[in-house]
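Undergrad: Generate a structure from the sequence data that follows.
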Amino acid sequence: MRSTWVVFGYALRESLRRRVFHAGLVLTAVFLGLYTLGCSFVHVPQANIIGEKVDVYAAAVIFGLAVFAIYFFGVSLAIFLTISAVRGDAEQGVLQALIVRPLARWQFLFGRLLAAITVAVIYVAITFAAALAITDVTLGWTPHHALAAGLEISAAIAVVAVVSMLSSVYLSGVANGIGIFMLFGAGLFGGLLGQIDANGSFPKLGQTATVIRYVTPFEWLYQSSLGRLIQGENGITQIALGLGPFGGSVQGGTTVWLWSAVYVLVVAGATVFAFARRDL
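TA: I've put the predicted structure just below:
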């Protein structure tokens, strides 16, 4: 295991030195600055609409959009950190120097994956907490289950990193990035189908959305995160967040966590098996 931690440290330093990571930090700072500015412009009277204060409704909708932005940023970071973890390094001759005794291939994969997940999850957690604090300070609203929502967003990013690591065994960097982003888009499409069938009027669409959730559990975790945000809310706030930005909310509960764990184990096992059979 010591070799694994050596790879982890190497991959962690490499991730933090990447220009795309630095550019992401700059863009995130710009996003949070614009989010703060936008929230400061929201001045609405505390009138009641369908039993809900207008200011609470506005804060919930704005924060829901911020959650999607954070989800997208996190997915992008997870993809870029694993985009060429295997085939890209092999083509550059890096793997040939690293995959030697006593370093096993699975140790290399685990170290690289753990570093990518660590960087992406910490980034998402900090950005989510910052957006939450901005919403609380400027608009005076905080969801009742913010911690659970943040954990599910972070878990979604970890799942994306695992899937991207698998595809990096077979695909070049550009092809891998395109493929994972297309899978990400498919998950969003499934969320939109679920919104259309929100009241059960289109059962076929609802069944399709359910299948897509199981194929893309990171999207399911995101939808469950939105569902956490509306727990304890009522009236128009619950309706607005229930629709959700780019994918409706669901109450995933324990099921989404169990399925995500099984999904990660299967994909991780397939990655180890595929890498073991690959010629360098």
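Undergrad: Give me the buried stretch members for the top helix by length along the chain, please.
TA: When the chain is parsed with DSSP state H, its longest helix is helix 105-139. By 16 or more other Cβ atoms under 10 Å, the buried positions in helix 105-139 come out as 105-121, 123-125, 127-128, 130-132, 134-136, 138-139. Where C-beta positions appear, they are placed from N, C-alpha and C, glycine not excepted.
Undergrad: tell me the mean pLDDT over it?
TA: Averaging pLDDT along helix 105-139 yields 90.
Undergrad: buried residues in the very next helix or strand once past it?
TA: Per DSSP states H and E, the first helix or strand lying C-terminal to helix 105-139 is helix 146-170. Along helix 146-170, these residues count as buried under the neighbour rule (16+ other Cβ under 10 Å): 146, 148-169.
Undergrad: chain center to helix 146-170: distance?
TA: Mean-position distance between helix 146-170 and its chain equals 5 Å (Cα atoms, centre = their mean, to the nearest Å).
Undergrad: Please apply the same query to stretch 166-180.
TA: Centroid separation for stretch 166-180 versus its chain: 18 Å, with Cα atoms, centre = their mean.
Undergrad: what's the answer for stretch 31-46, then?
TA: Between the centre of stretch 31-46 and the centre of its chain there are 24 Å (Cα atoms, centre = their mean).
Undergrad: mind listing the strands for the chain?
TA: Using DSSP state E, the strands found in the chain span residues 48-49, 52-53.
Undergrad: didn't Ala209 look like it was pressed against Leu188?
TA: No: applying Cβ atoms under 8 Å as the test, Ala209 and Leu188 come out as separate, 11.1 Å apart.
Undergrad: Please say which of these two ends up with more neighbours.
TA: Ala209 (26 against 20; other Cβ atoms under 10 Å).
Undergrad: what separates the more buried one from Gln195, distance-wise?
TA: To Gln195, Ala209 is 8 Å away according to Cβ to Cβ, to the nearest Å.
Undergrad: returning to that earlier point: now for the longest helix of the chain, which elements pack on it?
TA: helix 2-17, helix 19-40, helix 54-82, helix 146-170, helix 253-276 (3 or more Cβ pairs under 8 Å, 6 or more residues apart in numbering; DSSP states H and E).
Undergrad: Can you give me the buried ones in the second one?
TA: It refers to helix 19-40. Quick answer for helix 19-40 (16+ other Cβ under 10 Å): 21, 24, 28, 31-32, 35-36, 39.
Undergrad: Ok, stretch 166-186 next?
TA: So for stretch 166-186, counting by 16+ other Cβ under 10 Å, buried means 166-169, 171, 173, 176-177, 179-180, 183-184.
Undergrad: which of those residues lies closest to Ile70?
TA: Nearest to Ile70 among the buried residues of stretch 166-186 is Phe184, at 14.1 Å by Cβ to Cβ.
Undergrad: okay, Ala158: pLDDT?
TA: 94.
Undergrad: dump the residue contacts of it.
TA: 78, 117, 120-121, 264 (Cβ atoms under 8 Å, 6 or more residues apart in numbering).
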